[in-house]
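In: Starting from these lines, generate the structure:
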Amino acid sequence: MSLFNVFDISATGMAAQSIRLNTTASNIANADSVSSSIDQTYRAREPVFAAQLQKAAAGQEASVGVDVLGIVESDKPLQMEYSPNHPMANKDGYIFKPNVNVIEEMTNMISASRSYQTNVQLAESAKNMVNKTLLLGQR
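Out: Here you go, the predicted model:
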């Protein structure tokens, strides 16, 4: 594996964690939203990651980065609350709240932030190694 591949792998990791952070922020921002029907209620979203296996299967790389396959909605049940005086209540007096667990989302945010930071540090270390390797030729 070339030292320059480290930059590609680190970049795909940073891009994936950035998407994870944005998805988590969206979930937290919508955690307290309310709707009068199940169909209109916000559902928690999660990114789906996969290794870049097409490169590995083709024998192009010994190590591979990560791809974001998409963002899927959580299938956890929505929260239904009886609140007949709420302006968004349906005809039966129920309101629907998202299936977002703020504690889980904050944990995801911390994890994504630290993973992003690790990828930045990895790229910085690789840059320092390349710089030191170039300096070897000057002596």
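In: What is the burial count for Gln138?
Out: 5 (other Cβ atoms under 10 Å). Any C-beta I mention is one placed from the backbone N, CA and C, and that applies to glycine too.
In: in the chain, which residue is closest to the centre?
Out: In the chain, the centroid-proximal residue (Cα atoms, centre = their mean) is Arg20; its distance is 1.3 Å.
In: nearest residue to that residue other than its sequence neighbours?
Out: Nearest non-adjacent residue to Arg20, counting by Cβ to Cβ, 6 or more residues apart in numbering: Ala112, 4.2 Å away.
In: thinking the one you found is in contact with Ala15, fair?
Out: No: applying Cβ atoms under 8 Å, one finds Ala112 not in contact with Ala15, separated by 11.8 Å.
In: Who has more neighbours out of the two?
Out: The residue with more neighbours, out of Ala112 and Ala15, is Ala112; 21 against 16, by other Cβ under 10 Å.
In: Which of the helices or strands spans that one?
Out: Element membership for Ala112, per DSSP states H and E: helix 102-136.
In: now swap in Thr12 and tell me
Out: According to DSSP H and E, Thr12 maps onto helix 5-29.
In: what's that helix packed up against?
Out: Helices and strands touching helix 5-29, by 3 or more Cβ pairs under 8 Å, 6 or more residues apart in numbering; DSSP states H and E, are strand 45-51, strand 66-73, helix 102-136.
In: wait, which of the ones you listed is closest to Ser10?
Out: Among the helices and strands packed on helix 5-29, helix 102-136 comes nearest to Ser10, with 4.2 Å by Cβ to Cβ.
In: Buried residues of the closest one, list them for me.
Out: For helix 102-136, a neighbour-count test (16 or more other Cβ atoms under 10 Å) marks Glu105, Asn108, Met109, Ala112, Ser115, Tyr116, Asn119, Leu122, Ala123, Ala126 as buried.
In: same deal with stretch 83-103?
Out: Those would be Ala89, Tyr94, Ile95, Phe96, Lys97, Pro98, Asn99, Val100, for stretch 83-103 by 16+ other Cβ under 10 Å.
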